[in-house]
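> what's the 3D shape of this:
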Amino acid sequence: MKTIHILSYLLLFAFASGTAQAQNVVAEDHASNYTEQQFQDLENLGSGFGEWHREIDGEDAAVLLQSAADNGSNSAVIDTDGMSFALRSSEGDAADQRVDLGRVFAEPLQDGQVFSFQMAWNWASPGLTGFTLHNGSWDDPVMLLDFDSEGYFVNNDLAEEHASPEDWDEGDQWRGNGVALEVTITQNGDDLEYAVVAITEQSHVDFSGVIEGVTADRVNFFNDGRPNWGEGNPGQGSLFVNSLRIAGGEPTSVDQEPLARSFELEQNYPNPFNPATTISYRLDDASHISLSVYDVLGRKVQLLDEGVRSAGRHSVQFDAAELNSGIYLYRLETTAGAVTKTMMLVK
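All right, here's what the predicted structure looks like:
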């Protein structure tokens, strides 16, 4: 009876919304899919992606599986089952040290497809860290994102300065608890739209833009001369990446009739979770929104976000430390409609 009650409630919510969103996952991969040996052998696990690409300059530089928890509390949120892909430069002198880790897509991004991943770091000087997008080869990127003590740069143009001293300590270029970012790249016709947002409240990063007339069929992450501190400080100076995903497809209503794409509620990540998870949504146009969490009896547990929000992608954290294990629902209401998804808390 309990199962029937839950399913009935989910269907009630879905039909009440009238605007369920459907997205086809084209490719997905996580660090937790690999053993250390499989990753060192560049086995092609996950689904939908092509081959790995790895280059290492420097005797003690490395690309390995490592917990982002070693990179500070903010960076720890990108762990998948305790693992992330870590790019580490030298433990000592960083001169001529560079690490590259790339992934080929099965095909170039198609109109409407979204490529997303999570990235974390905690130390930025000396050296540069970031990622590039390419089309057709590993030469001449169509997009370069990197950052230093000045801020974040896209194709060498300043995209966003650091928001506060908590975001950047000018004295020693140190971000003790790391910065964790969610990056989304959307193919919109002939253009690439990008959005970079912080996963944690302490990271203070939120910028977006468009690169006209390009597409991409591969991504490369790099750590260029940013040394790992070695024994006692594993991960400090590393770049962490995880949760590579390509999704696409037209939003549909619950009766499968096409709708104008005006908003999207994403699946929370991680899921299942304990005790915190990130919920993200996208608006094509500015809208008044309300994002709430409910238990399976329909009682509102928490209001996560409310008010007028600009077009673009937004993320909020849901902390369920005071709740019991079980299924919960989260519902996004906008001026264009509403949609509900489920998540599972496992303690």
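
> for the stretch 1-150 of the chain, what spans make up the strands?
Counting by DSSP state E, counting those that start in this stretch, the stretch 1-150 of the chain has strands at residues 24-29, 49-57, 62-66, 84-88, 98-105, 114-123, 128-134, 143-148.

> kindly reformat those as a markdown table containing distance to residue 248.
For the C-beta atoms, the positions are set from N, CA and C on the backbone; glycine is no exception. Below are the strands of the stretch 1-150 of the chain laid out as a markdown table (distance: least, C-beta to C-beta, whole Å):
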| stretch | distance to residue 248 |
| --- | --- |
| strand 24-29 | 6 |
| strand 49-57 | 14 |
| strand 62-66 | 28 |
| strand 84-88 | 24 |
| strand 98-105 | 12 |
| strand 114-123 | 7 |
| strand 128-134 | 17 |
| strand 143-148 | 19 |
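
> figure out which of those is closest to residue 286.
Closest approach to residue 286 among the strands of the stretch 1-150 of the chain is made by strand 114-123 (20.1 Å; C-beta to C-beta).

> so how far is residue 218 from the closest residue to residue 28 other than its chain neighbours?
Excluding its sequence neighbours, the residue lying closest to residue 28 (C-beta to C-beta, 6 or more residues apart in numbering) is residue 245, at 4.8 Å. According to C-beta to C-beta, to the nearest Å, residue 245 and residue 218 sit 15 Å apart.

> now swap in residue 142 and tell me
Applying C-beta to C-beta to residue 142 and residue 218 gives a distance of 10 Å.

> what do those two both touch?
Common neighbours of residue 142 and residue 218, using C-beta atoms under 8 Å, 6 or more residues apart in numbering, are 133-135.

> and after the host helix or strand of residue 185, which helix or strand comes next?
Assigned by DSSP states H and E, residue 185 belongs to strand 174-188. Sequence order places strand 191-198 as the next helix or strand after strand 174-188, per DSSP H and E.

> what packs against that following strand?
When contacts are defined as 3 or more C-beta pairs under 8 Å, 6 or more residues apart in numbering; DSSP states H and E, strand 191-198 packs onto strand 143-148, strand 174-188, strand 206-211, strand 312-319.

> other SSEs contacting the longest one?
I take that to be strand 174-188. Here strand 174-188 touches strand 114-123, strand 191-198, strand 312-319, going by 3+ C-beta pairs under 8 Å, 6+ apart.

> gap between the longest one and the chain center?
Read that as strand 114-123. Between the centre of strand 114-123 and the centre of its chain there are 6 Å (C-alpha atoms, centre = their mean, to the nearest Å).

> re the thing from before, pull the strand holding residue 185 out as PDB, backbone CA atoms only.
Taking Å, rounded to 0.1, in the frame of the first residue of the first chain, the C-alpha atoms of strand 174-188 are listed here in PDB:
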ATOM      1  CA  TRP A 174      45.300  30.300  -1.600                       C
ATOM      2  CA  ARG A 175      41.700  29.200  -1.400                       C
ATOM      3  CA  GLY A 176      41.800  26.900   1.600                       C
ATOM      4  CA  ASN A 177      38.600  25.000   1.200                       C
ATOM      5  CA  GLY A 178      38.600  25.000  -2.600                       C
ATOM      6  CA  VAL A 179      36.200  26.200  -5.200                       C
ATOM      7  CA  ALA A 180      33.700  23.800  -6.800                       C
ATOM      8  CA  LEU A 181      32.000  24.700 -10.100                       C
ATOM      9  CA  GLU A 182      29.300  23.300 -12.300                       C
ATOM     10  CA  VAL A 183      30.000  24.000 -16.000                       C
ATOM     11  CA  THR A 184      27.400  23.700 -18.800                       C
ATOM     12  CA  ILE A 185      28.000  24.100 -22.500                       C
ATOM     13  CA  THR A 186      24.900  24.300 -24.700                       C
ATOM     14  CA  GLN A 187      24.900  24.000 -28.400                       C
ATOM     15  CA  ASN A 188      22.300  26.600 -29.600                       C
END
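
> enumerate the positions of that strand that are buried.
For strand 174-188, a neighbour-count test (16 or more other C-beta atoms under 10 Å) marks 175, 177-187 as buried.

> which stretches of the stretch 1-150 of the chain aren't confidently modelled?
Across the stretch 1-150 of the chain, the ranges flagged by pLDDT under 70 are 1-23, 92-94, 123-126.

> repeat that for 50
1-23 (pLDDT under 50).

> re the thing from before, Throw the strands of the stretch 1-150 of the chain into JSON lines and include distance to residue 283 and mean neighbour count, thanks.
Output for those, formatted as JSON lines (distance: least, C-beta to C-beta, whole Å; neighbours: other C-beta atoms under 10 Å):
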{"stretch": "strand 24-29", "distance to residue 283": "21", "mean neighbour count": "17"}
{"stretch": "strand 49-57", "distance to residue 283": "29", "mean neighbour count": "16"}
{"stretch": "strand 62-66", "distance to residue 283": "35", "mean neighbour count": "20"}
{"stretch": "strand 84-88", "distance to residue 283": "29", "mean neighbour count": "28"}
{"stretch": "strand 98-105", "distance to residue 283": "26", "mean neighbour count": "21"}
{"stretch": "strand 114-123", "distance to residue 283": "14", "mean neighbour count": "24"}
{"stretch": "strand 128-134", "distance to residue 283": "24", "mean neighbour count": "21"}
{"stretch": "strand 143-148", "distance to residue 283": "23", "mean neighbour count": "19"}
